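In: Curious how this folds, go ahead:
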Amino acid sequence: MTMETAWEAGTLGSPKGPQRLLFGQMHEDAEIERTAFEGKSRVFCIASAGSTALKLAEEHEVIACDINPVQLAYAERRANGAATMTGDAEKAMSFARAFMPLIGWGPGTVRTFLMLSDTGEQMAFWREHLDTLRFRAGLDVLLSRTVLRTLYAPQFLSCLPTGFGAVIRKRLERGFANHANASNPYARALLLGESCNDRTARVRKPQFVLGDAATLLESCAARSFDGFTLSNILDGAQPSYRSRLARAVRRAATDDAIVVLRSFAEPPVQLAVNYAERDRSMLWGVVDLRSAHTF
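Out: Numbers count the residues shown, from 1 in each chain. Below you'll find the predicted structure:
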């Protein structure tokens with residue numbers, strides 16, 4: 001039977017085999033959610049690596065769910081003070097970073113770039129030292145369908161735009177043009193593999209619940225949540241699951257509830273406002289923030 005969502009397998013690649021830790025940290029800028037959910041009480045969150053859930057728990061009651069029990073257990077351990085681990089996504093990114101010296105990205109050059117705080121200087125440095133022909137060619141190869149198919153299930157690749165290497169280069173350039181590197185932990189995580197520091201003083205912890213988002217929201221009381229942050233769980237989902245999730249969100253939403261959804265896809269023409277350029281992690285094509293009742 002076809003899975004409604006590829007996330008159900010608990011792997012990024014073949015659905016055969018045991019469920020795995022997919023994400024050791026999150027390349028999602030939780031400041032978007034913190035701003036969007038200001039003044040709200042109860043938030044539904046995809047657990048993933050726990051980063052967003054932990055940050056939101058400082059100000060909100062957070063219910064964090066994940067369909068992958070390995071991932072959920074890891075997020076809960078992090079809430080209890082455990083150190084960051086390396087997931088399959090980080091391993092793939094580390095593999096890509098291993099090619100940096102071959103394209104002329106020496107450690108000193110990258111660290112100098114990450115110390116900059118003026119976006120104009122960043123763009124000049126980017127164009128002169130980093131956005132080279134070797135970089136473009138190498139990224140096109142690494143993000144080609146041929147290479148990505150060896151790492152990711154077809155469902156996860158279906159949302160990716162044609163020429164994904166060129167698309168990611170434009171997203172990186174957009175991010176470096178809008179956000180100061182020196183104060184951007186997501187830039188360091190992306191280019192150096194450093195862990196974003198999520199440890200802050202917390203009065204309460206998220207409540208972690210195993211299950212898929214649509215099923216959990218279908219089972220909760222109506223009007224239960226003021227905010228929903230759904231990561232990119234619709235990347236790799238069947239249309240039937242998309243419809244189920246949308247109905248479940250609307251049912252569980254209070255009157256002024258907000259939903260945040262990310263995607264690696266390019267933004268559709270009907271998307272009125274796209275917050276992707278505000279996300280300091282720089283990778284997303286879509287960061288959709290809207291009323292939950294128009295989801």
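
In: Please make it C-alpha for all contacts and neighbour counts, starting now.
Out: Noted.

In: Check the gap between the residue of the chain most remote from its centre and Lys16 for me.
Out: Distance to the chain centre peaks in the chain at Glu128, reaching 29.0 Å (criterion: Cα atoms, centre = their mean). Counting by Cα to Cα, to the nearest Å, the gap from Glu128 to Lys16 is 45 Å.

In: same thing with Ala265?
Out: From Ala265 to Lys16 the distance is 26 Å (Cα to Cα).

In: and if you look at Ala253?
Out: According to Cα to Cα, Ala253 stands 36 Å off from Lys16.

In: higher neighbour count, those two?
Out: Higher neighbour count among Ala253 and Lys16: Ala253, with 25 against 9, using other Cα atoms under 10 Å.

In: can you tell me which residues contact the more buried one?
Out: 222-227, 292-293 (Cα atoms under 8 Å, 6 or more residues apart in numbering).

In: how does it look with 7 Å?
Out: 222-226, 292 (Cα atoms under 7 Å, 6 or more residues apart in numbering).

In: quick one: which of those residues has the most company?
Out: Phe225 (28 neighbours).

In: Name the helix or strand for Tyr241, please.
Out: In the assignment (DSSP states H and E), Tyr241 maps to helix 239-252.

In: Let me see the mean pLDDT of that helix.
Out: Averaged across helix 239-252, pLDDT comes to 97.

In: List the buried residues in that helix.
Out: Neighbour-count burial for helix 239-252, counted by 16 or more other Cα atoms under 10 Å, picks out 241-242, 245-252.

In: in the stretch 51-200 of the chain, which spans are helices?
Out: Taking DSSP state H, counting those that start in this stretch, the helices of the stretch 51-200 of the chain run over residues 51-56, 69-79, 88-97, 107-114, 119-125, 133-142, 145-148, 154-157, 164-178, 185-192.

In: Which stretch among those is buried most, on average?
Out: Ranked by average neighbour count under the criterion mean count of other Cα atoms under 10 Å, these are headed by helix 51-56 at a mean of 25.

In: can you list the domains in this protein?
Out: 6-87+205-294, 88-192 (automatic domain parsing).

In: The closest residue in space to Val167 that isn't next to it in sequence and Arg145, how far apart?
Out: Using Cα to Cα, 6 or more residues apart in numbering and skipping residues adjacent in sequence, the residue nearest Val167 is Pro161, 7.6 Å away. The spacing between Pro161 and Arg145, counted by Cα to Cα, is 10 Å.

In: what do these two both touch?
Out: Counting by Cα under 7 Å, 6+ apart, nothing touches both Pro161 and Arg145.

In: Any regions of the protein where pLDDT drops low?
Out: 1-2, 197-203 (pLDDT under 70).

In: do that again at 90, thanks
Out: 1-3, 14-17, 195-204, 272 (pLDDT under 90).

In: So Asp256: helix, strand or coil?
Out: Secondary structure, DSSP: H, G, I helix; E, B strand; the rest coil: Asp256 is strand.

In: That one: neighbouring residues, count only.
Out: 12.

In: Show the contacting residues for it.
Out: 226, 291.

In: what about it, distance to Ser281?
Out: Distance from Asp256 to Ser281, by Cα to Cα: 27 Å.
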